[in-house]
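Colleague: Here's a sequence, model it:
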Amino acid sequence: MNLKLKSICFFSVVLLFGSTNAQTVKKLKAVRTDQVIKIDGNLDDEAWKSAESGTGFIEFRPTPGIKEKEGRTTEVRVLYDDAAVYVYARMNEVSRDSIARQVVPRDQIGNADFIGVVFDTYLDRINGNGFYVTAAGSQYDAKYSQTGNEDSNWNAVWFSEVKIDDKGWSAEMKIPYSALRFSSKDVQTWGINFIRRRQIFNQEAYWNSIDPKLSGFINQEGELTNIEKIKAPLRLSLSPYISSNSSYYPYTQQDISNFNSKLNGGMDIKYGISDAFTLDMTLVPDFGQVQSDNRVLNLSPFDVRFNEQRQFFTEGTEMFNKGDLFYSRRVGIEPSFGFIKGGLGVNEKVLKKPNGSKLINATKVSGRSSKGLGIGVFNAVTNRMFASIADTVTGAARTEESQPLTNYSILVLDQSLKNNSSVTFLNTNVLRNGSSYDANVSAFLMRLNDKRNRYFIEAETKVSHRTANGTNAAQTGLNYEIEVGKQSGNFLWAYEQQLSDKHFNTSDLGFFTNNNFLDHELNLIYNIYKPGKWFNKFESWVEFNYSERLSKRAYQSFAIYPGIWVRFKNFWTLNINSDLQSKSNNFYEARSAGRLYQEPSNHGINANFDTNRSKKFQVGGFAGVQKKSLLNGWGWGWGTWQTYRINDKLAVSTEMSTEPRFDYVGWVENYKDEATNQQQVIFSRYDRQIVSAILNTTYTFSPRMGISFRARHYWSERENRQYYSLNNDGTLIDFPSYTKNKNQNYNTFNIDMIYTWQFAPGSELAISYKDAAEVSGNDLRKTYDRNFASIISSPQNNTLSVKMLYYIDYLDLKKRFK
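Modeller: This is a model prediction of the structure:
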């Protein structure tokens, strides 16, 4: 399941698929108790006898709409007191062997049955909080929002226990009010739903049924009634940490030590400003335990977008991610601004330059009022960073600023409207100390759905501004998007138009590729949700894309992307998709303003499959082929992945892929030809190889303790066969006088081994060992074994990190000292 509940993510996607036709809303009465409930999974507390029973779960998959069968039924109950809400769940089963119970760490599901409850405490049918426990006792929690996204990085401190017997399994949960946000009304009704997963049988059922053709997930919940006179507690928690990091890398430079070590300390703070709004702050954070990036050889004119692994920047950020203006890695990891102040001297070279910048602190304030107004405020400060520079002749060394002191901020105002509609104002701002330029982006977003949520219209307007810097004048740019479509039933469609002028730029705090375009996109989709004779679900689609350059209007590209996805009766899945790209004018590949490259047409077909993931051994794979019209360029690729669960605690998985390319054409460099004294744009015909191999091993001692090992080797080479010069009309001409060696051979190798132990609720000890190596050059090694041997024998950066974080809840602390 990776780190997400795939089933729930699916419902998030379903947000774009349905209508809100009337359906039965179940009601469950919550009962107040003054008895102490022991959370042990036994369900034998006297208080449970007074609670109302919720039954009649309805299957969502594989066959939507059918009732649970006799002997496999589910029963749930809810109690509450002044401190928490309690959940009782009994999952009947045909035998103990029918219960999947792989042990995995917190926030993972693995191959296990689970029971979950999702609360919509404001009954706005838009936002929710989910709490899940597996038959092995692993906890998973998530936050759901209007955008349809599941924030699996959201974490709360709550309690659960499970028990397994010959007739099924039981679960009890205690969810403190400090984990929830709710109003101060004397009498409240919450939205609620319960989810049961039977992993071996690939079945999923809901207490209040979910129709896949209807819009949304939270708005199809039932109701929890009779909640009276509860008060939100003071929500204040402190999570101080201390960490030690030691690293070794053989720099072989006299002025740079091979060994580095440091002791860090900091704190995370959560404070409930009101019943609806929460402040999150991290002071002097340490993210040394996050997984290494999957770095690649990038031949495109645009940056590679890497996943964010730092929890502070992934938890509770759904509002900040609206409008796609926030790329959190710009804060500390990949700042868009970096230079050597004053430049380099004639004989100088950079010995050491930090890739990122040190994060001093970061703060988030977020929440949504009872009237549906969401407010989000984000602020972070990164410190100045310096590069080490040396004169290659005299040996004189100096340091120079490469990153200025920088402040990043975001403001979001998001008003939810009827029918899951919304309007949003968003502003991002980057302020840099000194003479460096500043940047600002403002956006207005709107999404409106009709009363039945059958049709929608979505519009976005964005304005970017950069201040003047040196010889660079201030620039203001504009971008807009508008999309209309049908989002319910079996047949769906959407049309989108997007425009960006040549000055629009969001790269300072967002992920940015290109501007100066006018794009049109049409999507046609047909889905079959009801199982047929040979499938459980069938999806099909075709996408049409047409693009023009805006300034100096010109055709850019046209492409068609058809595809199908099928889940068969044996729960295998198959995806087949194709890309049909016509000849295009590429205004970005030449890396030179105003120059275009006439890119050839490209046709390809790809397929991938997965076997039944509930089995002990599962395998998947992909294969594809591409054909270009220029120089008979072509390529193919294949890959496979396997997971073997040796037992419920130990699992091993591997991934392997290779993607060779032959007679492809691409940019090499822009250089001045000394013979003609003219600036030339050099392209080449090249062959390329890409090989990636990953080994993952996990051993989970208990739901609170585990160790993971991950090793990845990536190799890619580019062997140039023939060089060309780019003509002004975008065609290529042979350029035999160009004799530089511009071949590329790139290897990267990483090991991430992480031990985690949740020794108390919200508290964790993490020990991380990392090994990293990266080698690039012009000499080709041709075969995989030679490249693997080369990267293993190259200098390795070894890092050992130990971090202990302790969770302190103010109310618990207050009770202890009474």
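
Colleague: Can you work out which other helices and strands pack against the longest strand belonging to the chain?
Modeller: Longest strand of the chain, by residue count under DSSP state E: strand 678-702. Packing partners of strand 678-702 (3 or more C-beta pairs under 8 Å, 6 or more residues apart in numbering; DSSP states H and E): strand 634-645, strand 650-658, strand 661-673, strand 705-726. Placement of C-beta: from N, CA and C, glycine included.

Colleague: Could you list every helix and strand in contact with the first one?
Modeller: Under the contact definition 3+ C-beta pairs under 8 Å, 6+ apart, strand 634-645 sits against strand 617-628, strand 650-658, strand 661-673, strand 678-702.

Colleague: what's the pLDDT at the residue in the chain sticking out farthest from the centre?
Modeller: The centre of the chain is farthest from one residue, Ala675, which by C-alpha atoms, centre = their mean lies 50.3 Å away. In this prediction, Ala675 carries a pLDDT score of 74.

Colleague: Kindly report the same for the one 10 residues further on.
Modeller: You'll see Arg685 listed with a pLDDT of 96.

Colleague: Touching, it and Tyr724? I think so.
Modeller: Yes - applying C-beta atoms under 8 Å, one finds Arg685 in contact with Tyr724, separated by 7.3 Å.

Colleague: Could you tell me which residues touch both of the two?
Modeller: Counting by C-beta atoms under 8 Å, 6 or more residues apart in numbering, the residues touching both Arg685 and Tyr724 are Val665.

Colleague: And the helices and strands packed on strand 634-645: which comes nearest Ala396?
Modeller: Nearest to Ala396, of all the helices and strands packed on strand 634-645, is strand 661-673, at 30.4 Å by C-beta to C-beta.

Colleague: buried stuff in that closest one?
Modeller: Buried residues in strand 661-673, counted by 16 or more other C-beta atoms under 10 Å: Arg661, Phe662, Asp663, Tyr664, Val665, Gly666, Trp667, Val668.

Colleague: Next, the buried residues of stretch 92-107.
Modeller: Asn92, Glu93, Ile99, Ala100, Arg101, Gln102, Val103, Val104, Pro105, Arg106, Asp107.

Colleague: go on, stretch 421-434?
Modeller: Ser421, Ser422, Thr424, Leu426, Thr428, Asn429, Val430, Leu431, Arg432.

Colleague: Also stretch 584-594?
Modeller: For stretch 584-594, by 16+ other C-beta under 10 Å, it's Ser584, Asn585, Asn586, Phe587, Tyr588, Glu589, Ala590.

Colleague: packing partners for the helix or strand hosting Asp752?
Modeller: According to DSSP states H and E, Asp752 maps onto strand 744-760. Applying 3+ C-beta pairs under 8 Å, 6+ apart, one finds that strand 744-760 contacts strand 705-726, strand 763-777, helix 784-793.

Colleague: what angle do the shortest one and strand 763-777 make?
Modeller: Read that as helix 784-793. Interaxial angle of helix 784-793 relative to strand 763-777 (axes from the mean of the first three to the mean of the last three C-alpha atoms, to 10 degrees): 120 degrees.

Colleague: Let's test this: mean pLDDT of helix 784-793, rounded?
Modeller: Here helix 784-793 scores 94 as its mean pLDDT.

Colleague: again with the first one
Modeller: The average pLDDT within strand 705-726 is 96.

Colleague: ok, it: who's next to it in the sheet?
Modeller: strand 678-702 (antiparallel), strand 732-734 (antiparallel), strand 744-760 (antiparallel) (DSSP bridges).

Colleague: of all those, which lies closest to Trp641?
Modeller: Distance to Trp641, taken as C-beta to C-beta, is lowest for strand 678-702 among these, at 8.3 Å.

Colleague: Of all the residues in the closest one, which ones are buried?
Modeller: 680-694, 696-700.

Colleague: Once you drop chain neighbours, what's closest to the residue nearest in space to the middle of the chain?
Modeller: Here the mean C-alpha position of the chain is nearest to the C-alpha of Asn307 (C-alpha atoms, centre = their mean), at a distance of 5.9 Å. Nearest non-adjacent residue to Asn307, counting by C-beta to C-beta, 6 or more residues apart in numbering: Asp293, 7.7 Å away.

Colleague: Tell me, what's the model's pLDDT at the one you found?
Modeller: 88.

Colleague: do Tyr122 as well
Modeller: For Tyr122, the model assigns a pLDDT of 89.

Colleague: Gln642 - nearest residue in space that isn't next to it in sequence?
Modeller: Val619 (4.8 Å).

Colleague: Report how many residues lie close to that neighbour.
Modeller: For Val619, the count of nearby residues is 15 (other C-beta atoms under 10 Å).

Colleague: just Arg330 next, same as before
Modeller: Arg330 has 26 nearby residues by other C-beta under 10 Å.

Colleague: which residue sits closest to it, ignoring its sequence neighbours?
Modeller: Leu509 (5.2 Å).

Colleague: In three-state terms, label that neighbour for me.
Modeller: With DSSP: H, G, I helix; E, B strand; the rest coil as the basis, Leu509 sits in coil.

Colleague: now Gly323
Modeller: Going by three-state DSSP: Gly323 is helix.

Colleague: Please report how far the residue nearest to it when sequence neighbours are not counted lies from Gln758.
Modeller: Closest residue to Gly323 apart from its sequence neighbours, by C-beta to C-beta, 6+ apart: Ala443 at 4.7 Å. As judged by C-beta to C-beta, to the nearest Å, Ala443 and Gln758 stand 39 Å apart.

Colleague: repeat for Lys537
Modeller: 37 Å.

Colleague: got the contact list for the nearest residue to Thr643 once chain neighbours are set aside?
Modeller: Of all residues not flanking Thr643 in the chain, Ser653 sits nearest, at 4.1 Å (C-beta to C-beta, 6+ apart). Neighbouring residues of Ser653 by C-beta under 8 Å, 6+ apart: Trp641, Gln642, Thr643, Tyr644, Leu695, Asn696, Thr697.

Colleague: Just list whatever residues bridge to Ser653.
Modeller: Beta-bridge partners of Ser653, as defined by DSSP bridges: Thr643, Asn696.

Colleague: So that it lines up with my notes, have the first residue be 24 from now on.
Modeller: All set: I'll call the first residue 24, so the last point we hit is now Ser676.

Colleague: If you rank every helix and strand of the protein by mean pLDDT, what lands last?
Modeller: helix 29-37 (a mean of 36; mean pLDDT, DSSP states H and E).

Colleague: And the next helix or strand past that one?
Modeller: Going down the chain from helix 29-37, the next helix or strand is strand 50-52, by DSSP H and E.

Colleague: partners of that next one, with directions?
Modeller: Strand 50-52 sits in its sheet next to strand 245-251 (parallel), going by DSSP bridges.

Colleague: Give me the contacts around the strand it pairs with.
Modeller: Here strand 245-251 has contacts from 48-55, 101, 103, 142, 146, 209-216, 230-231, using C-beta under 8 Å, 6+ apart.

Colleague: Same check on stretch 47-56?
Modeller: 70, 73-75, 77, 79, 99, 101-104, 108-109, 215, 230-232, 244-251.

Colleague: and the residues you listed, which are buried?
Modeller: 70, 74, 77, 99, 101-104, 108-109, 215, 230-232, 244-250.
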